[in-house]
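S.K.: need a 3D model of the sequence below.
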Amino acid sequence: MNRSRTFLFAFFLLVAFLTGASYEANVSHAATASCSGPSCVVGGITTTTTCPTAAAAGSTCTYTLTWSTAWPDTAYIPSCSGAGTITGFPSIQGITKATNTATVTVENGTANEAVASGYAEMDCIAVHP
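M.R.: Numbers count the residues shown, from 1 in each chain. Alright, predicted model coming up:
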């Protein structure tokens, strides 16, 4: 995990802690828990559907993760990271939110990093203020 993703993950855990949220460390497949803080919800999802990019420079692929319970709106704040076996040189380029899904776009590199790239698993957590 690179430093910015590690920081972001730690930040979300800190926010969850400070708002009184309960968070299970090994959340998988859309577990959600109510917070004791000001009307927040914490959720986590995992997908093991692989998504390798093509080998051309700047190629992308998307992981779509479905929340077991839709959020009331798209004001939730997701944080996603690739896990498991890493193939090539993937990097997360962005997350598109819908009330029932989070779609994570992954891109490969350029020059010698322009190879099929991806993660074996994509994990996301989210906080809804």
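
S.K.: model confidence for residue 122, exactly?
M.R.: pLDDT for residue 122: 89.

S.K.: check residue 62 too.
M.R.: pLDDT, residue 62: 92.

S.K.: again with the one 4 residues further on
M.R.: What the model reports as pLDDT for residue 66 is 87.

S.K.: partners of it in the sheet?
M.R.: Beta-bridge partners for residue 66, by DSSP bridges, are residue 101.

S.K.: and it, how many neighbours does it have?
M.R.: Neighbours of residue 66 under the rule other Cβ atoms under 10 Å: 14. In this view, the C-beta of every residue, glycine as well, is placed from N, C-alpha and C.

S.K.: likewise for residue 44?
M.R.: Look at residue 44: counted by other Cβ under 10 Å, it has 23 neighbours.

S.K.: I figured it hits residue 127, correct?
M.R.: No: contact criterion Cβ atoms under 8 Å: residue 44 and residue 127 do not qualify, at 10.4 Å.

S.K.: which parts of the chain are strands?
M.R.: Assigned by DSSP state E, the chain shows strands spanning 31-34, 41-47, 60-66, 77-87, 91-97, 101-107, 118-128.

S.K.: what helices or strands is the second one leaning on?
M.R.: Right, the one you point to is strand 41-47. When contacts are defined as 3 or more Cβ pairs under 8 Å, 6 or more residues apart in numbering; DSSP states H and E, strand 41-47 packs onto strand 31-34, strand 60-66, strand 118-128.
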